[in-house]
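Enquirer: Can you look at this prediction? I've put the sequence above it.
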Amino acid sequence: MRLDAEQLKQHLQRGLKSLYAVYGDEPLLALEAADLIRAAARQAGFAEREIFTADAGFDWQRLALSSRSLSLFASKKLIDLRVPSGKPGNDGAQAIEEFCSAMGPELMGLVSLPKLDRQSLSSKWFGALASQGVVVSAKAVERAQLPQWIAGRLAAQGQSADADTLQFIADRVEGNLLAAYQEVQKLALLFAPGKLGFEQVKEAVLEVARYDVFKLSEAMLMADAVRIARILEGLRGEGVAPPLILWAVSEDIRALLKIVIGLEQGKALHQLLREVRVWGARQELMQRAAKRSRKSMLEDALLQAARLDRMIKGLATGNIWDEFLQLGLRFCSGPVGVKMH
């Protein structure tokens, strides 16, 4: 069985299974999911808990021995296995498969994993977790879904806000779900249940956005001029190295150009997306950007990226951050009066 992290609470209300695996790239949601499972296990009488962290050099026989023995002082035991690398190796893979088969009424398993690659997701050991237990995916909350996620968290504490206020909070905590969680909790401490006003929230919420180069690429693909400027200001303020920004942006421009050229040649979009190695939610972003983009614009963008490279290396003069902004605005339609300071 497979669930999203947001579905777990409702699932647990219907009954507890003997085996769970939590994986994904959003630490907050993964931590919350694991805590919910552990709380449900305690309530169900699993009083003993044994924790194993399978890092380099871990002896997988310890897991096998634990799953075959129960304490004299507790009739039910939860084995909490953590695999930080997501790569158990051959011995670990076999041990996890055997571990899955050992679960029962008196023995429960919880396996915590990071974000997994395609190879791990299609492995035999992960298949055993999914077929014999419940696999919970703690996927990152996409930027477009963040206001709705915040609304859900506010509702859980008896509060609400209008769309503009939710968008404001999302803008302030961009890319940092833990910060969003903390801000929502703070609003519960500061204000009574009910609808929150924009000015209340504006004064209470801190600027905690975690700007990163990949969010900049996402904003460019979405043609969001204001967000491009805001993220660039954040990257500049945090002292992020311009070569790293240029690398991330150029990779997306090259991929987008390959897609546009391929579409002009009559190739299928799904084939082109595979060729440029674009997966998941970014496929839709690339598809929309490809429909808006012209080959000539993308070629000019690559030329501008080359000029930026020379500026970064000191071979050409100019303001690097203004040049980044102009490069980003190539992807936005209509006149935009945004200026970097």
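Expert: Everything's here; your move.

Enquirer: contacts and neighbour counts: CA atoms only from here.
Expert: Fine.

Enquirer: any idea how far residue 263 is from the closest residue in space to residue 219 that isn't next to it in sequence?
Expert: Spatial nearest neighbour of residue 219, excluding adjacent residues (Cα to Cα, 6 or more residues apart in numbering): residue 228 at 5.7 Å. According to Cα to Cα, to the nearest Å, residue 228 and residue 263 sit 27 Å apart.

Enquirer: Neighbour count for those two, which is higher?
Expert: More crowded of residue 228 and residue 263, by other Cα atoms under 10 Å: residue 228, with 26 against 15.

Enquirer: On the pLDDT front, check the more buried one for me.
Expert: On the pLDDT scale, residue 228 is placed at 93.

Enquirer: list the helices and strands the helix or strand containing it packs on?
Expert: Taking DSSP states H and E as the criterion, residue 228 maps to helix 225-237. Under the contact definition 3 or more Cα pairs under 8 Å, 6 or more residues apart in numbering; DSSP states H and E, helix 225-237 sits against helix 213-221, helix 320-329.

Enquirer: quick check: angle from that helix to helix 213-221?
Expert: Counting by axes from the mean of the first three to the mean of the last three Cα atoms, to 10 degrees, helix 225-237 lies at 160 degrees to helix 213-221.

Enquirer: between the following helix or strand past helix 225-237 and helix 320-329, how big is the angle?
Expert: Counting by DSSP H and E, the next helix or strand C-terminal to helix 225-237 is helix 242-264. Calculated by the same axes, to 10 degrees, helix 242-264 forms an angle of 20 degrees with helix 320-329.

Enquirer: what's the average pLDDT for helix 242-264?
Expert: 91.

Enquirer: repeat for stretch 144-160
Expert: For stretch 144-160, the mean per-residue pLDDT is 93.

Enquirer: contacting residues around it?
Expert: For stretch 144-160, the surrounding residues in contact (Cα atoms under 8 Å, 6 or more residues apart in numbering) are 141, 161, 163, 166-167, 169-170, 180-181, 184, 188, 192-196.

Enquirer: Tell me which two of those sit farthest apart.
Expert: By the measure Cα to Cα, 141 and 192 form the most distant pair in the contacts of stretch 144-160, at 27.0 Å.

Enquirer: These two: which has the busier surroundings?
Expert: Shown here are residue 141 and residue 192; by other Cα under 10 Å, residue 141 has more neighbours (17 against 12).

Enquirer: Is the more buried one part of a helix or strand, or is it coil?
Expert: Secondary structure for residue 141, judged by DSSP: H, G, I helix; E, B strand; the rest coil, is coil.
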